[in-house]
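Colleague: curious how this folds, go ahead:
(one chain, ligands or ions: 1)
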Amino acid sequence: MYDNNNIFAKIIRKEIPCESVYEDKKVLFFNDINPLAKIHILGIPKKPVINYREFISLKDKDFVLYFFDKTLEVIKNIGLDKTGYRIITNDGLDSNQEVPHFHIHILGGDNLGGLK
Ligand code: AMP
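Modeller: Model (predicted):
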């Protein structure tokens, strides 16, 4: 069950600050507090969904598409479409997902090496 007190829910409610990159009524993109690359942005939908499975299963497919369209917009706005980027989402025990609100990591700004 979705935990309304997870840290990203608090960020959405403005109870905790973040370094916003893009925000509107439906989505929020902000800098990761512990960046793993020169550019490390997190993207979250403003809906109570825990992981990718739940997000993709939303009945409102327009919303799902909106989120990924905005992801590309953010990527283009900071020029990562020219230099390259990596998108990651963690789900479940083996992935070590820390925050139980669906999010994507957008990494770039430098050569990212291999996946490991
Ligand atoms: P995950 O392991 O996929 O759940 O990733 C959670 C990410 O959230 C990690 O990369 C953290 O550094 C990041 N994070 C945790 N708290 C905050 C915060 N208050 N502001 C920005 N990023 C955060």
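Colleague: number of nearby residues for Val27?
Modeller: Around Val27 there are 22 other residues, counting by other C-beta atoms under 10 Å. C-beta here means a position set from N, CA and C on the backbone, and glycine is covered the same way.
Colleague: again but with Gly114, I slipped
Modeller: Counted with other C-beta under 10 Å, the neighbours of Gly114 add up to 4.
Colleague: next: Glu23.
Modeller: Applying other C-beta under 10 Å, we find 14 residues neighbouring Glu23.
Colleague: in three-state terms, label the closest residue to Ile88 other than its chain neighbours for me.
Modeller: Leaving aside its sequence neighbours, Ile88 sits nearest to His105 (C-beta to C-beta, 6 or more residues apart in numbering; 4.4 Å). What DSSP: H, G, I helix; E, B strand; the rest coil gives for His105 is strand.
Colleague: any idea what His105 is bridged to?
Modeller: Here His105 sits in beta bridges with Leu42, Ile88, as judged by DSSP bridges.
Colleague: quick check: Lys10 touching Leu28?
Modeller: No: counting by C-beta atoms under 8 Å, Lys10 stays clear of Leu28, with 11.9 Å between them.
Colleague: more neighbours: the two, which one.
Modeller: Taking other C-beta under 10 Å, Lys10 and Leu28 do not tie; Leu28 has more neighbours (21 against 15).
Colleague: and that one, what is it in contact with?
Modeller: Taking C-beta atoms under 8 Å, 6 or more residues apart in numbering as the criterion, Leu28 is in contact with 11-12, 18, 20, 22, 43-44, 46.
Colleague: sweet, I'm off.
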